[in-house]
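>>> return a 3D structure for these sequence lines:
(one chain, ligands or ions: 1)
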Amino acid sequence: MRHAFAAAVLMCSTGLLAACGGGSEEPAPEPERVTGELLGWRYTLEPDAAIRVGENDLTVTIVREDESPVEGATLTVALLHLAHGHGGEGPTAITEEAPGVYRVEGLGVTMSGLWSCTIDATIGAEHDRAVVEWDVR
Ligand SMILES: [Cu+2]
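Next comes the predicted model:
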């Protein structure tokens, strides 16, 4: 039985989701990598689940070009619904969990469609910005 269970887990993780039948558990999406527009910092966005209408939580890791962590930055995260030109809600909290690793919680997408997410990171006189787009179903 134990082997059968392991095989089922393996099938799920290789993407044969239809074979798993009725499970609502989605695999975490692939990390999204983007380079900052102002200072070239490297951002890795790891949402807990695919971005959806409602509140979203994600982890944002930021490093400099030499891979050193961007530690102690003040982050703002802003959503924009591109078709209508309005924002979203939140985030309700941004906390640095480890050097350069920021937890963004309660990022509120209020409707489906194409959204941009702009992350501004500031340390003193250093200011970088990363922009990603999400097609929210
Ligand atoms: Cu809208």
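>>> only C-alpha atoms from now on, for both contacts and neighbour counts.
Noted.
>>> would you map the strands across the protein?
32-35, 42-47, 54-63, 74-81, 86-87, 93-98, 101-109, 113-123, 126-136 (DSSP state E).
>>> ok, which of those strands comes nearest residue 26?
Within the strands of the chain, the stretch nearest residue 26 is strand 42-47; the backing value is 12.0 Å (Cα to Cα).
>>> tell me the strands beside that closest one, with direction?
Strand 42-47 sits in its sheet next to strand 32-35 (antiparallel), strand 54-63 (antiparallel), going by DSSP bridges.
>>> make CSV out of the strands of the chain and add mean pLDDT.
Below are these laid out as CSV (pLDDT from 0 to 100):
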stretch, mean pLDDT
strand 32-35, 98
strand 42-47, 98
strand 54-63, 98
strand 74-81, 98
strand 86-87, 98
strand 93-98, 98
strand 101-109, 98
strand 113-123, 98
strand 126-136, 98
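>>> in TSV, list those along with mean neighbour count and distance to residue 26.
Below are the strands of the chain laid out as TSV (neighbours: other Cα atoms under 10 Å; distance: least, Cα to Cα, whole Å):
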stretch	mean neighbour count	distance to residue 26
strand 32-35	16	17
strand 42-47	20	12
strand 54-63	20	14
strand 74-81	19	23
strand 86-87	14	27
strand 93-98	14	24
strand 101-109	21	19
strand 113-123	17	20
strand 126-136	16	15
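>>> as CSV, the ones you listed with distance to residue 25 would be great.
Compiled in CSV, the strands of the chain are given as follows (distance: least, Cα to Cα, whole Å):
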stretch, distance to residue 25
strand 32-35, 20
strand 42-47, 14
strand 54-63, 16
strand 74-81, 26
strand 86-87, 29
strand 93-98, 25
strand 101-109, 20
strand 113-123, 23
strand 126-136, 18
